[in-house]
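Engineer: Build me a model:
(chains A, B and C)
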Amino acid sequence: MIPFDFNYYRPATIEEAVALYMRLDQKGKWPLYWSGGTEIATFARLNQIYTEAVIDLKGIPECRALAVEEQEMTLGSALTLSEIHDSEIFPLLGATGSGIADRTSRNKITLGGNVCSELIYKEAILPLLLADSDVIVAGVSGARRLPIAQLFQRSMQLAKGEFLVQFKVNTSYRLRPYTSVKKRKQSAIGYPIITVATLTTESGSRFAFSGLCDFPFRSEEIEKILNQHELPVGERIRQAEDRLPAPIRSDMLASANYRRLVWQVTLEDLLANMEA
Amino acid sequence: MKLRLNVNGEIRSADVRPAELLLDVLRENLGLTGVKPGCRHGDCGACTVTVDGLPMKSCLMLAVEAADKTVETIEGLQDSPVQRAFVEKFAFQCGYCTPGFIMNSHALAHLHPKADKATVREWLQSNICRCTSYEEIQEAVEAVLSSGQPTSRMMN
Amino acid sequence: MEIVGKSVPRKESLDKVTGAATYTADRIEPSILHARLAVSPYAHARIVSLDASAAQNAPGVLAVLTGDASEVLVGEEIRDRPILARDRVRYYGEPVAVVVAETEAQAQWAANLVQVQYEPLPVVNSPAEALHPDAPILHERLKEYEKSEDVVSVPGTNIASIVHVIKGDIERGLAECEKIVENTVSFGPSDHAAMETRSAVVQIMPDGRVFIDTSSQAPFAVKKYMARYFGLEPGRVIVRTLFVGGAYGGKSSVQLEPIVYLASRAVGGRKVKLVNTREQDITTSPVRIGLQAKVKLGSTHDGKIKAVQIVYHFDGGAYNDKSSAIALSAASDCTGPYSVENLHCECLTVYTNHVFPAAFRGFGHTEMTFAIERGIDALADELGMDPWELRMRNAIVPGDTTPTRNMLNSSNLGDLRTCLERMRELSGWEDWKVQQLNDHTVRAKGIACFWKNSSFASNAVSGVILLFNQDGSVNLETGVVELGTGSKTVLAQMVAERLRMSVDRVHVKFKVNTLDTPEHWETVASRSTFFAGRAALKAADDASKQLIAIAATVLRADPDDLELGDEKVFVRADPRVQIPYKDICYGYRYPNGNSIGGQIIGRGHFIQRWMSPLDPATGEGQLGPEWNVGAQAVEIEMDTRDYSYRIVKAISVNDAGKVLNPKGAFGQVMGAMAMGLSYASHEGFDYTDEGILLNTTLRTYSVLRYGENPEYIVEFIESPCLDAPFGARSLGEYGLISIPAALASAVSRAAGVRMNVLPLFPETIWRAKDGGSV
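Structural biologist: Coordinates of the predicted model:
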C-alpha cells in the first residue's frame, strides 16, 4: 500500500518519455522513471520517497532490446534480471544478477533499475564494468553513447531527465571465463558482505567488487597487482588492499575487519581456482 | 482510474488509484484474499501470483502494470498436481505462505517441468515458510516435477 | 486403534491449498474503517509535545488518538503499559498515536503527519545495564502498579520480578564438588516472524457489546483482559478468531485489541481494522525474550553433578506483560533435565528499553536450556569427559525430584536415557571429535538435551462440544485455535476413535467465537492435545452414553450389552442386533411416527488436578502436570578461515508418549527444529547503542530459507503419560528447545572456542576466536 497518489505514464518512445519527464517536472510532480519499480514501490510505502508521477519505461522497445550481433550485444535497461539470466546472452551478467534479491523478485527487477539503485550494492554493474560496456543514455538533447566508466563513478552520473536505454557490450566478452561470488552475512537471500565478479581476457583477469566499500567499483590498479602471478597470493591481496578506492565498509552485515577477512578469503579462493 | 484485469480467466474491472499495488487490488477490489500480504516489501513471497505465467510478488507490482497481462491467483487453481502434492506431503501448517508457495511451484512446474534441485532451490528461496522445515515442501514440489503430470486445470 | 496413530491429513487441507482459508485480515467489507499507528523513533524519550492537527486534517481521517485517549494501564502480570504512550516512550516502535481513516492509505498518510517532539533519555540496552546502580529507572511507579499475586517486584530498581528456586544446600553442595565451572551466556530479543502479521478488527454495538476479530491464539484471554481493562461484562465481549497464520506464542499477548477498541470507540463504535505492517509487527508488537545468565556447575571428578547455582537475568523489555511469567516458567525447570540435589537459582525479570516479550515456543525453556547446556558442555570440557556421557550420567529419572520439588515417575517424566541412547546412534556420536576435511574445512557435532513442563494458570479450563448431524456424523467444537499445529485434526481423530466412526465423519469447526465456543484457555504451551483431548474424550464418552441409552430402548437391550462400532450401536454378543447412529442421534422415530430422544450433544471439559502457583521465595509449587524430554544433535561443516558454516544434519529424539498422527508429528518437530536452527544461526535484533532497532524487515531480519535446511532425522520413543489422551506427550514446542544449544555445541567444537552468545553469525565466532583482530 503506497500512502500517496501518483499518476502513471507509459510512453512508447524515448522522446515521449523525456518530454513527459520535463513537462511533469516543470509542473512540480517530482516525476520518477519506473523500470522494474520494485525499489520505488517499497521506498514509497515506507515514506522514504515521494512522487506524483511515474514514467514506466517498459513500453519503450529500445529499453527492452536483447540482441547478440557479431560485434556487440545489446541489453535493454528494462530487461529483468531473470530474462537476462535465462537468455544466457551474457553468462557473467546472468550469474551476478542471480545473486540479487530472489528469483521471483528478479522477474520484476530490471538491469537499469538495479544499476541506478539508491542502495550501495548495484551488483549488476560489476559485469558491465568488467566488460568495458558502453551505455546509451537518453535525455533532453537526445541519446548519447558513452563508456560505462565515464558514466558510472560510484553511482550513475545522470543529468535531470536522463535515463538509461541500453548497454552495449563487445561480443568477444560474452563467453570469456568468469566467476561471480557473493558472500552474505548468514542467509541464502540478502545483501552482500561482498560480491566479487571476475572476467578473464588475454591480457589477464579483471576484478570488480560490490559491498566492500560504499560503492561498487573496478580498479585497474588492483587488477594489475592481482595479475602479478610471480607474487604469492597473500602478498598480492595485501598490496591490493592498499589500493582500495575507499575505506572498507562497516555496517550491520559485517564490521570492516571481518569484511576484509571475507574479501581476503574470497580472493584467495578465486585466485587459486583461476591459476589452478 | 478504471482498470481492466484478466484474472483467473475472467475480465474484471476495478476503479483504483494508479498508485495501488496489484496485491491490494486483488484483495480489496476483487476479493481474492488467497493472495496474502506478508511483508509488502518483496521479501517473503506470500503474495506471489503469476503474471503471464511467471511468478510475481504482487506487492512489487502496480495493478496498472498488470493491465494487459494474464494474472492467475491461487483461486484460479483447482485440484492441480501441486495442490494435491502439498496436501499429500503435509507441506503446510498454518497455511499462510501456502498460496504463494503453490503459485511459485505451479509456475515452475509449467515452465521447467524437469527442473533440477538447484533450479527448484533458486525459485523457492523466494518464499518464506515459518512453520515447516521446508523438507515437506521440497518433497511436494519434487513429486510433481518427477511425475510429469499436467500441471494445470483452470477453473471455468 | 484404527484412527489414532494414522497420518490423517489436516482437516482444513483443501481450504489452505485453494486460498479459501480465511484469516483475520481477510475480512474485507466496504464499511470497515482503517487504523494505522504512529510509533516512537526513540527507545527512551520524554514526549515534549505532540501535534496531531495535520493528521487530523488529512483527507479521509475520522480520528487521531494519542496517549490522552485512555488512562487505562494494561499488562498481564504487571499493569504497567499505557495503551498509547503517555508522556514518555520506552521502546523503539512504541505506539504513540493511532489514526482512523476511510482507507488504509489515508490512515498511513495521516499517521506519517503526526508531529511529536521528543527529548531523548538515557537508554537501558540490556539486563546488565538495567541492573547497573546508575541505571535510569524505567518505571518509577512500579510499586503502585497492579500485579499478579505471584509477582514480587523491587520498586526503585528495574527489577520487575524476582523468583528464587532453592533445593538442598548449595553451599554444602559446592563444597563437596571436585570440579566447578562457571559459564555465562547472553543473547538479545528476536522475532516470531509469523508469516501473517497481527491484526484486529473491533466494532462496538449500540448496546455496548464489543465484537473483536483478532489473529489471536488466545481469544478467551482477549475476552478476559478486555473485560478487565475496560470494565466490561465478559459476556458482552465477543471475540472471534479464524485461521491464524503462524503464532509460535507471539499471538497470545493482548496488544492491538485495546488500541483498536479505543479507535472504534472514538468513531462511534464503527468497525475499525488494524493490520500490522511487517515493520511494526517486528518493532511494535511483542517478541522473543532475551537473557543474560550465569551458571555454576559443580561435580565430582567422574562427572556426577552435585550442585548448581544459577542467575538468570531475563530481558523483560519496556513493559512486563508476560515476561515475568516466562521467567518463572524457565526458573521452574532451571536445571534442565538433570538430577540436582543442591540448587540455588535466582531469576530476575528486568525492565529495559527493548520491545516487550511475548511467549515464544518453549516459553523461556529454549533460553534457559541454552544457559544450562552450554554449562554442561563447559563442565565436560573441564572434566575431559565425553559430553554425552556427562549428560547420560546426570539424566533425570523417575524417583528424582524437580527444582520445584515435585516427585517424578515414569508417567509425569519422559524417558531421557532412551532418547539419549537413540540420539547417540543416530548421530554417530562415537566419532564425536572434530573431523578435518581439508586444510580449512572441519566437520563437528554438537548435542544437547531438554525438558519442559508446560506452565499454565492452575485453573485453566478446556471444553469440547460434540453435536450430531441427522446423518450420524458429528460436529466438533472447541476453543482451540488452528494455528497450523493440526491440533483440531488430532482432536477429530480422538473423537472418531472413541465414537467408532470414520474421521471423515467428524466435522471440525475452525472458527472460534467466545460467544458460543467452549473455552479452551489459550492455544499455547502445547496443551491442545492434552487438555482439549481430555475434554474431547469426555465429550465422546458423554455422547456415547446417550447413544447407548436410546439404543437400549429401541433395541430392547440392557445398555451394558451394547457397544459402538462402525457408526452403529450393536449387541456385543449378537452384532446383527444393531442400529446406526443416524437413526438415533436426532431422536428415534418409531414406525407409527412416535418419537423419543433428541439431538445428541456430547459435552466434555477438563481441568488439571493439583496445580499450584510457585512460591516466589522457594520455588515450591506445581505449574504443570508433565515433564517431556528429548535429546538433539546438530552436525555442521565449517570453513575455519572465516567461520562460515553449513548445517549438515539435525537430529531430534523426542519422547512422544504416543504418536497420534505420525506425519503431523514429524512436521511439528521438524518445523520446530528449523525454527531453532534459524533462530540460533540467523536471527537476532540488531540494536544501536541508542536502542534503535536496525533490522526491521524480513530482508534484514533474515530467517532460514528453502534449501538452507539440513537433513532432518526425527525419531520418537513412546513412553506414555498416563494422564494424557492415549498417553500422548506434547510435541509442538519440543523440537526447538535444545537445538540452539546443540548448534552452539557443534560450532564451538568446530571453531575451538566456547560460543555462549546467539545468534551464531560467522563474524561473532570470529570475534570470539580471534578477538576481532587480524
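
Engineer: how close does the residue nearest the centre of chain B get to chain C?
Structural biologist: Ranked by distance to the mean C-alpha position of chain B (C-alpha atoms, centre = their mean), the top residue is residue B:103 at 2.6 Å. Relative to chain C, residue B:103 is positioned 10 Å away (criterion: C-beta to the nearest C-beta, to the nearest Å). In short, each C-beta sits where N, CA and C put it, glycine included.

Engineer: Assumed that residue was part of a helix.
Structural biologist: Yes - counting by DSSP: H, G, I helix; E, B strand; the rest coil, one finds residue B:103 located in a helix.

Engineer: Could you identify the longest strand within chain A?
Structural biologist: The strand that spans the most residues within chain A, counting by DSSP state E, is strand A:192-201.

Engineer: can you tell if that one touches chain B?
Structural biologist: No - taking C-beta under 8 Å from any C-beta of the partner chain as the criterion, strand A:192-201 and chain B are apart, separated by no less than 15.4 Å.

Engineer: buried set for that strand?
Structural biologist: A:192-199 (16 or more other C-beta atoms under 10 Å in any protein chain shown).

Engineer: For those, work out which two are farthest apart.
Structural biologist: A:193 and A:199 (21.5 Å; C-beta to C-beta).

Engineer: Name all residues that make contact with residue B:62.
Structural biologist: Residues near residue B:62 by C-beta atoms under 8 Å, 6 or more residues apart in numbering or on different chains: A:8, A:37, A:41, B:18-22.

Engineer: quick one: terminal-to-terminal distance for stretch A:108-117?
Structural biologist: End-to-end distance of stretch A:108-117: 14 Å, with C-alpha to C-alpha, to the nearest Å as the criterion.

Engineer: pLDDT of that stretch, averaged?
Structural biologist: pLDDT averaged over stretch A:108-117 equals 98, rounded to a whole number.

Engineer: got it, and stretch B:97-117?
Structural biologist: Model confidence over stretch B:97-117, given as mean pLDDT, is 97.

Engineer: Return the distance of that stretch from the chain's centre.
Structural biologist: With C-alpha atoms, centre = their mean, to the nearest Å as the basis, the distance from the averaged C-alpha position of stretch B:97-117 to the chain average is 9 Å.

Engineer: Could you check that stretch and say which residues are buried?
Structural biologist: By neighbour count on 16+ other C-beta under 10 Å, the buried set for stretch B:97-117 is B:97-111, B:115.

Engineer: From these, list the ones also adjacent to chain A.
Structural biologist: Checking these against chain A (C-beta under 8 Å from any C-beta), the matches are residue B:104.

Engineer: If we only consider the buried residues of stretch B:97-117, which is nearest to chain A?
Structural biologist: residue B:104 (6.2 Å; C-beta to the nearest C-beta).

Engineer: got a list of what that closest one touches?
Structural biologist: By C-beta under 8 Å, 6+ apart, the residues touching residue B:104 are A:104, B:45, B:48, B:55, B:123-124, B:126-127.

Engineer: Narrow those residues to those in helices?
Structural biologist: Using DSSP state H, the subset of these located in helices is A:104, B:123-124.

Engineer: Neighbours of residue C:448, how many?
Structural biologist: For residue C:448, the neighbour count with other C-beta atoms under 10 Å in any protein chain shown is 30.

Engineer: After the strand or helix carrying it, which helix or strand is next?
Structural biologist: Element membership for residue C:448 (DSSP states H and E) is strand C:441-453. Heading C-terminal from strand C:441-453, the first helix or strand you meet, by DSSP H and E, is strand C:462-468.

Engineer: Next, the buried residues of that next one.
Structural biologist: C:462-468.

Engineer: any chance of those residues in CSV, with distance to residue C:386 and pLDDT too?
Structural biologist: As requested, the buried residues of strand C:462-468 are exported to CSV (distance: C-beta to C-beta, whole Å; pLDDT from 0 to 100):
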residue, distance to residue C:386, pLDDT
C:462, 43, 96
C:463, 49, 97
C:464, 48, 98
C:465, 53, 98
C:466, 52, 98
C:467, 57, 98
C:468, 58, 98
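
Engineer: of those, closest to residue C:180?
Structural biologist: Nearest to residue C:180 among the buried residues of strand C:462-468, counting by C-beta to C-beta, is residue C:462 at 44.9 Å.

Engineer: now the closest one: how far from chain A?
Structural biologist: Looking at residue C:462 against chain A, where the rule is C-beta to the nearest C-beta, the gap reads 39 Å.

Engineer: Ramachandran angles for the nearest residue in space to that residue that is not next to it in sequence?
Structural biologist: Counting by C-beta to C-beta, 6 or more residues apart in numbering or on different chains, residue C:531 is the residue found nearest to residue C:462 once chain neighbours are left out, at 3.7 Å. When quoted as degrees, to the nearest 10, the phi and psi of residue C:531 stand at phi -70, psi -50.

Engineer: quick one: residue C:531 and residue C:519 touch, right?
Structural biologist: No - taking contact to mean C-beta atoms under 8 Å, the distance of 10.5 Å between residue C:531 and residue C:519 leaves them out of contact.

Engineer: Show me which of the two is the more surrounded one.
Structural biologist: For residue C:531 against residue C:519, the residue with the higher neighbour count under other C-beta under 10 Å is residue C:531, and the figures read 30 against 20.

Engineer: Now for the residue in the stretch 1-150 of chain A positioned nearest to chain C: which residues touch it?
Structural biologist: For the stretch 1-150 of chain A, the residue closest to chain C is residue A:3, as judged by C-beta to the nearest C-beta, at 3.9 Å. Contact criterion C-beta under 8 Å, 6+ apart gives A:44-45, A:47, C:105-106, C:108-109, C:112 as the residues in contact with residue A:3.

Engineer: among these, which one has the lowest pLDDT?
Structural biologist: residue A:47 (93).

Engineer: Quick check: nearest residue in space to that residue, chain neighbours excluded?
Structural biologist: residue C:112 (5.2 Å).

Engineer: Return the residues of the stretch 201-350 of chain C in contact with chain B.
Structural biologist: C:243-248, C:275, C:277-278.
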